[in-house]
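**Q** let me see the structure of the following:
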Amino acid sequence: MNDLEELKSLLFGAEKQALDSITERVQKPETRSADVADILPEAIRRSHQQGRELVASLREPVGECLTESIHEAPQAYADALYPVMGPAIRKSIIHALRGFAQQINETVEQSFTVRGLKWRFEAWRAGVPFGDYVLQQTLLYRIEQAYLISRENGLLVGHVHHDASRIKDSDAVSAMFTAIQDFVKESFSPDRSGRLETADMGDFTLWAVHGPHALLVCVIRGVPPRSLRSDLSAILERIHFRYGEKIRLYSGDTASVKGVEDELLECLKFQDVQPKKKKSRISAALLITLLVLAAALLYFGVNSWLGVQQHRALSAVIDATPGLYIVDIKRDGGEYTLHGLRDPLAATIDDIAASAGIESTQVTASLRPYQSLDPEIVIRRTRQLLDAPSTVTIVPADDGLIISGMATQAWIDNVRGKLAAGSFGMPVILDDVASTDMTQLQANVSEINNVNFFFENESTLFSEDEVKLREHASSIRSLVRSAERLDAAIAIDVAGYTDSAGSVEFNTNLANLRSEAAIRILVNAGIDDELISRSHVVPTGEFGTPDPTLRKIVVQLTLGAPEYPTFTVPE
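**A** Sure thing, here's the model as predicted:
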């Protein structure tokens, strides 16, 4: 290195290193990205405080980013918006229903008048909803919405509206009006001192009242009077008096201007409608004529309606009546003529008329007899044929009949005979009918069943027990004969008993000996030996002490139910 180079290094070495460092930071993307990331949040904050340019610059790219993100991951955005979608939808529905109810109240008053009918026709011809047309015809003016907008930054401070008013995003409306206001200043006022005070939009008029820190914008339906502007100015002055400094410093926190919307509600009270015209009087003659015509129409209409209802009631009763087949119902005024078929067991025409609420004299019938196969009629016919008592139930089942309940044996035998003779054209089951005679017989058997007879010694009954056994045998013989008449049978078991004194073999022979002694008495009394069975009850184990209460026989009766065949008559 020569002296000149060494001198340059000594004089400008530090500056060269700084320049090299700056060049390296500028040329490396990673270094520049890190530098920008450090100052970006603060830069965005300051840019937003200086004006609306940052919002305008970011609106389009941020909107495109949101659109693409929603298309790529709709479910994620749906999940994120879920907590606010429900309340927003409910609020929208409530506002819509309130508006609808208010519109109904306003239109009903005009619906049934001559002017209302005229307006309905004109609204139909113009393709305008009737409620809107009525509002156009009766309302001189009304303030629908009121916006309070900060002049410092264009933010919406407060917004009120009528329930029936259709609004979208109030913040968007505020931003749009601010943009229009700026456009008017830039385009039509060289010194930027001009301002927009009135704008017409179809049926609505926008009035803007300017204040030091805020702008009051009112959406007015109809044509307002000039004096309304001074009233709105007074409201804006009162708002400045109470909230002037808070509005000047307003940055979007609605809590800082709490209560300002109550002041704005005063704007919605300004409205005026056309005075109602006095109703023209209708002449008495015309009124009487209209009333007579209305009464006549009502009379004939009611009579016609009652006739139709009466005819329907009669048809319904006929359709629900078994054993009745009507092919034609002719009505002449209040008189009815029926043509068709009727089973003799079906309800009478008088009963049918009474069920339909019609006088029997109003119904005449030309009916030919026939045999109905309706289940209810078949049951009636069967009860009549069998003379069934009230304790017997007959129900249809499997193309046949099941007879159940209780009846005398004579009635059961009679029915069984008719079944055997083929008096029915369908299967009939009689198994479920209990004989009242059998019931009584069972009671009689139970009354004399399980009676004890005691022995004086090994095989000799006490004299009084022998007499009692002979009387018992007579009762048993009577029951056996009754059972035979009912095709039933009584089984008789004679059981001999002994005590534990003596051996088992000895006691067994002794028990049998006692049974045979009792059976001889029963057979001598006329009871068939084939109906009697023998048994014995002998204690087992070691020898015990004598017990006189076990020197006995027990006569037990068992009544067997009769078995009757089911008669089925082939078709």
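**Q** all strands for the stretch 101-250 of the chain, in order.
**A** For the stretch 101-250 of the chain, strands defined by DSSP state E, counting those that start in this stretch occupy the ranges 139-150, 156-161, 198-201, 204-210, 214-222.
**Q** got the angle between the first one and strand 214-222?
**A** Here the directions of strand 139-150 and strand 214-222 differ by 160 degrees (axes from the mean of the first three to the mean of the last three Cα atoms, to 10 degrees).
**Q** and Gln362, which of the strands of the stretch 101-250 of the chain is closest to it?
**A** Closest to Gln362 of the strands of the stretch 101-250 of the chain is strand 139-150 (Cβ to Cβ; 59.7 Å). Quick note: C-beta positions are derived from backbone N, CA and C, even for glycine.
**Q** quick check: angle from that closest one to strand 156-161?
**A** Following the same axes, to 10 degrees, one obtains 160 degrees for the angle between strand 139-150 and strand 156-161.
**Q** Gly496 is nearest to which of the strands of the stretch 101-250 of the chain?
**A** When those are compared by Cβ to Cβ, strand 156-161 sits nearest Gly496, at 110.8 Å.
**Q** pull the residues that contact that closest one.
**A** For strand 156-161, the external contacting residues (Cβ atoms under 8 Å, 6 or more residues apart in numbering) are 144-150, 167, 170-171, 174-175, 214, 247, 250, 254, 257, 260-261, 264-265, 267-268.
**Q** buried ones among the residues you listed?
**A** For these, a burial check counting by 16 or more other Cβ atoms under 10 Å picks out 144-150, 174-175, 214, 247, 250, 257, 260, 264, 267-268.
**Q** rewinding a little: and Leu338, which of the strands of the stretch 101-250 of the chain is closest to it?
**A** Each of these has some distance to Leu338 by Cβ to Cβ; the shortest is strand 139-150, at 64.3 Å.
**Q** just checking: what are the partner strands of that closest one?
**A** Looking at strand 139-150 with DSSP bridges, its partner strands are strand 156-161 (antiparallel), strand 214-222 (antiparallel), strand 271-273 (antiparallel).
**Q** turn these into CSV, including mean pLDDT and distance to Gln49.
**A** What follows is the strands paired with strand 139-150, written out as CSV (pLDDT from 0 to 100; distance: least, Cβ to Cβ, whole Å):
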stretch, mean pLDDT, distance to Gln49
strand 156-161, 87, 18
strand 214-222, 87, 20
strand 271-273, 73, 41
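**Q** circling back: closest to Ser366 out of the strands of the stretch 101-250 of the chain?
**A** Ser366 lies closest to strand 139-150 among the strands of the stretch 101-250 of the chain, at 70.2 Å (Cβ to Cβ).
**Q** what angle do the closest one and strand 204-210 make?
**A** If you take the same axes, to 10 degrees, strand 139-150 sits at 40 degrees to strand 204-210.
**Q** show the average pLDDT along strand 139-150.
**A** In this model, strand 139-150 has an average pLDDT of 84.
**Q** same question for stretch 451-468.
**A** In this model, stretch 451-468 has a mean pLDDT of 89.
**Q** make a markdown table from the strands paired with strand 139-150 and add distance to Trp119 to it.
**A** Converted to a markdown table, the strands paired with strand 139-150 look like this (distance: least, Cβ to Cβ, whole Å):
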| stretch | distance to Trp119 |
| --- | --- |
| strand 156-161 | 26 |
| strand 214-222 | 17 |
| strand 271-273 | 15 |
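**Q** quick one: closest of the strands of the stretch 101-250 of the chain to Ser500.
**A** Closest among the strands of the stretch 101-250 of the chain, once you apply Cβ to Cβ, is strand 156-161, at 110.5 Å.
**Q** what's the closest non-adjacent residue to Ser515?
**A** Nearest non-adjacent residue to Ser515, counting by Cβ to Cβ, 6 or more residues apart in numbering: Gly496, 3.8 Å away.
**Q** where in the stretch 201-350 of the chain is pLDDT low?
**A** Along the stretch 201-350 of the chain, segments meeting pLDDT under 70 span 273-283.
**Q** helices along that one, start to end?
**A** 227-248, 260-264, 284-320, 349-355 (DSSP state H, counting those that start in this stretch).
**Q** can you say which of the ones you listed is nearest to Val62?
**A** helix 227-248 (28.2 Å).
**Q** and the contacts of the closest one?
**A** Helix 227-248 is contacted from outside by 141, 148, 150, 152, 157, 207, 209, 211-214, 216, 218, 220, 256-257, 259-260, 263-264, 266-267, 270, using Cβ under 8 Å, 6+ apart.
**Q** and with 6 Å instead?
**A** Ser150, Val157, Val209, Gly211, His213, Ala214, Leu216, Ser256, Val257, Val260, Glu263, Glu266 (Cβ atoms under 6 Å, 6 or more residues apart in numbering).
**Q** got the angle for it vs strand 156-161?
**A** Using the same axes, to 10 degrees: helix 227-248 against strand 156-161 is 140 degrees.
**Q** now for Glu122, how many residues are close by?
**A** A count of neighbours around Glu122, defined by other Cβ atoms under 10 Å, yields 13.
**Q** check Ala179 too.
**A** Neighbour count of Ala179, defined by other Cβ under 10 Å: 13.
**Q** separation between it and Gly154?
**A** In this view, Ala179 and Gly154 are 8 Å apart by Cβ to Cβ, to the nearest Å.
**Q** quick revisit: kindly reformat the strands of the stretch 101-250 of the chain as JSON lines containing distance to Ile349.
**A** Listed next are those as JSON lines, based on distance: least, Cβ to Cβ, whole Å:
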{"stretch": "strand 139-150", "distance to Ile349": "67"}
{"stretch": "strand 156-161", "distance to Ile349": "71"}
{"stretch": "strand 198-201", "distance to Ile349": "77"}
{"stretch": "strand 204-210", "distance to Ile349": "74"}
{"stretch": "strand 214-222", "distance to Ile349": "70"}
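**Q** fine by me, we can end here.
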